[in-house]
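Peer 1: Here is my input; please provide its structure:
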Amino acid sequence: MESINYTEVTEDNVGKFNWTGQRSISINKFLTEIPAEKINKCRDSVVNLKFESAASTKNIKAFLRACPHLQRLTFVDVLVDEYRRFKEDKPIDHPNVTHLIIKSSTNLAKKEHWLIDFFFWRINFRNLQSFRVQKIFTGNSGGLRITTNAYMEKFGQQVETNIVTQFLIKNRFHLKELELGGSGLYVSDILSLQNPPAEMGELDKLTLSTLIFSLDADGIPAFLQTQSHLTELKCSHIFTMGILGHHLDIPYAMSTIFSCIDRNCMSLTEITIYPIMIIDVSRQTLLEQDLLGMFTINCECFSQCYSLRILRLGLHAYRQEQDLAKPGMATLMGTRLINLHLIPIYIQELYLPVEEYSHDELEALAFQFSKFTKLISFYFGTSQLNPVNSFLIRLPWLQSLFLLPDIQRIEFHNGKLEDPDATRALIETKPNGSTVTLRQNFPRFTFEIGRKVNSSVPYPSRPSFTNRSKSLRA
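Peer 2: Residues are numbered from 1 along each chain as shown. Have a look, this model is predicted:
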């Protein structure tokens, strides 16, 4: 998601704030009504609007009425000052809002349902293309959770349990990107209903190109089993898990992901299966309970994905939320991959952190490196927590990779150079006319390849689980 620089408005600076010409505005902890004459000064310029913490529904409606060029609405830990359905109000039509983003550092629950209920009844988005709900991890949400829950218990009005499904159905003709990151936001699973209401069938008309989700998000099977034109499928959220095996059927969730890939194999260009778990269980217990077996990925499922360009496969587990920023505290540092050699050769970006794998299959994958002619970025890393995971970085692998026309970055983690002197000699030959820089920070070896002038491909950013929660706060 693109980075946006917002100019912040608070109750302290609203009097001297320069509204004229502002494109991106953040309204932070603002409950008083903003005068219409101030909003009118930016009506023709503002395209990005963000509300943080406490917010007034009057201000939300005022901006939507006054600013026809708004495109992106973002709400971060927002608790509205009041919420009642004033059905006598005429709903507001907005022609240009394309992105609606709701982020929360507390459990997704009533305050998110309030916002969605408000948008369902009071706002008609005519061109909403992206709806994202994200559970963010800040490590400091306890106080907010207590305050929010107390406020909602005192002033809250119950909303319909299927309001999220209703909102998706209402916007089904334009919505192309959906993110459901976190548990607690109820989405009707129409596949599990004996006699679903007639309007639920309309959910089948939702044709997504991008589906991003957390494994613990409610109703996900309904989307995984009904979509057939996806270009991006991403299971990459951080989620908290209680006792292993309780409340979340991991094997079933993974099987629906693989079925979805099979159904969308001709259209998928990007696949990420890289969940991050917070589970207060030792590494030994996770292995004894065969967690890696539950998350095993058979790479054969990608073999028919001829349009696939980005593939990221992984798994990390931590005992507590505070450890997320410390990669060395992980209890699992990768997933179990089988049939590595069946990964399609059309890939541009390949990212593979593994806990368990076959050395023979890695050799078979490496034997095909010369065929990966579109490859730009390659990462293969193994967990240091398992001594048998270490591997040799063989000279023929590097020779094949260096000669690829668009390669820009190669990384091996927890491997050892088979022949350090021969590797340095190879680098000095400037293979394929390119400059190769080796950065060694044991146990990571990074090769950066300086592209020739006629190179046409930008270098893709390497995913980092430690940045996930941070990037969501932007």
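
Peer 1: For the strand or helix carrying M254, output the C-alpha coordinates as CSV.
Peer 2: Element membership for M254 (DSSP states H and E) is helix 250-263. Extracted in CSV, the C-alpha atoms of helix 250-263 (Å, rounded to 0.1, in the frame of the first residue of the first chain):
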residue,chain,number,x,y,z
ILE,A,250,-5.7,-25.1,10.5
PRO,A,251,-5.7,-28.1,8.1
TYR,A,252,-9.2,-27.1,6.9
ALA,A,253,-8.0,-23.5,6.4
MET,A,254,-4.9,-24.6,4.5
SER,A,255,-6.9,-27.0,2.3
THR,A,256,-9.3,-24.2,1.3
ILE,A,257,-6.3,-22.0,0.4
PHE,A,258,-4.9,-24.8,-1.9
SER,A,259,-8.3,-25.3,-3.5
CYS,A,260,-8.6,-21.6,-4.1
ILE,A,261,-5.2,-21.6,-5.8
ASP,A,262,-6.2,-24.5,-8.0
ARG,A,263,-9.4,-22.7,-9.0
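
Peer 1: What mean pLDDT does it get?
Peer 2: Averaging pLDDT along helix 250-263 yields 95.

Peer 1: residues in contact with the next helix or strand along the chain from it?
Peer 2: Using DSSP H and E, the helix or strand that follows helix 250-263 towards the C-terminus is strand 270-273. Residues outside strand 270-273 that contact it (Cβ atoms under 8 Å, 6 or more residues apart in numbering): 231-236, 257, 261, 297, 302, 305, 308-314, 335, 463. Where C-beta positions appear, they are placed from N, C-alpha and C, glycine not excepted.

Peer 1: how about the CA coordinates for strand 270-273, as PDB?
Peer 2: The C-alpha trace of strand 270-273 is given here as PDB (Å, rounded to 0.1, in the frame of the first residue of the first chain):
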ATOM      1  CA  GLU A 270       1.000 -13.100  -6.700                       C
ATOM      2  CA  ILE A 271       0.600 -15.600  -3.800                       C
ATOM      3  CA  THR A 272       1.700 -15.100  -0.200                       C
ATOM      4  CA  ILE A 273       1.200 -17.800   2.400                       C
END
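
Peer 1: which regions of the chain lie under the pLDDT threshold?
Peer 2: Applying pLDDT under 70 to the chain picks out residues 1-2, 82-88, 138-160, 184, 188-201, 243-247, 451-474.

Peer 1: For it, which segments count as helices?
Peer 2: 36-40, 57-66, 110-122, 142-155, 163-170, 220-224, 250-263, 283-288, 291-294, 359-367, 395-402, 420-428, 465-471 (DSSP state H).

Peer 1: closest one to I410 among the ones you listed?
Peer 2: When these are compared by Cβ to Cβ, helix 395-402 sits nearest I410, at 5.4 Å.

Peer 1: which residues touch the closest one?
Peer 2: 366, 369-370, 375, 378, 407, 410, 418-419, 422-423, 426, 431-432, 434, 436, 447, 449.

Peer 1: One more pass at 6 Å, please.
Peer 2: Outside helix 395-402, the residues within contact range by Cβ atoms under 6 Å, 6 or more residues apart in numbering are A366, F369, S370, I407, I410, E418, D419, A422, P431.

Peer 1: Relative to C67, which of those is nearest.
Peer 2: Out of these, the member with the shortest distance to C67 (by Cβ to Cβ) is I407, at 45.7 Å.

Peer 1: ok, now which ones touch that closest one?
Peer 2: L375, L401, I449.

Peer 1: Please check those and keep the buried ones.
Peer 2: Among the contacts of I407, those buried by neighbour count (16 or more other Cβ atoms under 10 Å) are L375, L401, I449.

Peer 1: JSON lines for these, including distance to K176?
Peer 2: Formatted as JSON lines, the buried ones among the contacts of I407 follow (distance: Cβ to Cβ, whole Å):
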{"residue": "L375", "distance to K176": "28"}
{"residue": "L401", "distance to K176": "35"}
{"residue": "I449", "distance to K176": "35"}
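
Peer 1: ok, K90 - how many residues close by?
Peer 2: 7 (other Cβ atoms under 10 Å).

Peer 1: wait, P221
Peer 2: Around P221 there are 21 residues (other Cβ under 10 Å).

Peer 1: And it, how far from E232?
Peer 2: P221 sits 18 Å away from E232, going by Cβ to Cβ, to the nearest Å.

Peer 1: Quick check: closest non-adjacent residue to L404.
Peer 2: Counting by Cβ to Cβ, 6 or more residues apart in numbering, the nearest residue to L404 once its immediate chain neighbours are dropped is L375, at 5.3 Å.

Peer 1: ok, that neighbour to R319 distance?
Peer 2: 36 Å.

Peer 1: Equivalent analysis for Y186, please.
Peer 2: 28 Å.

Peer 1: What of G433?
Peer 2: 48 Å.

Peer 1: more neighbours, the two?
Peer 2: Neighbour comparison, G433 and R319: the larger count goes to R319, with 16 against 8 (by other Cβ under 10 Å).

Peer 1: Would you check that the more buried one makes contact with V281?
Peer 2: No: using Cβ atoms under 6 Å, R319 is not in contact with V281, being 7.2 Å away.

Peer 1: Please save the CA atoms from stretch 393-409 in CSV.
Peer 2: Presented in CSV, the C-alpha positions along stretch 393-409 are these (Å, rounded to 0.1, in the frame of the first residue of the first chain):
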residue,chain,number,x,y,z
ILE,A,393,25.7,-22.6,-1.3
ARG,A,394,27.2,-24.3,-4.3
LEU,A,395,29.2,-22.5,-7.0
PRO,A,396,27.1,-23.8,-9.9
TRP,A,397,24.0,-22.3,-8.3
LEU,A,398,25.6,-18.9,-8.2
GLN,A,399,26.9,-19.2,-11.7
SER,A,400,23.4,-19.9,-13.0
LEU,A,401,21.8,-17.2,-10.9
PHE,A,402,24.4,-14.5,-11.8
LEU,A,403,23.7,-15.1,-15.5
LEU,A,404,20.0,-14.5,-15.3
PRO,A,405,19.1,-11.4,-17.3
ASP,A,406,17.1,-9.5,-14.7
ILE,A,407,18.5,-10.8,-11.4
GLN,A,408,19.2,-8.1,-8.8
ARG,A,409,19.3,-9.7,-5.4
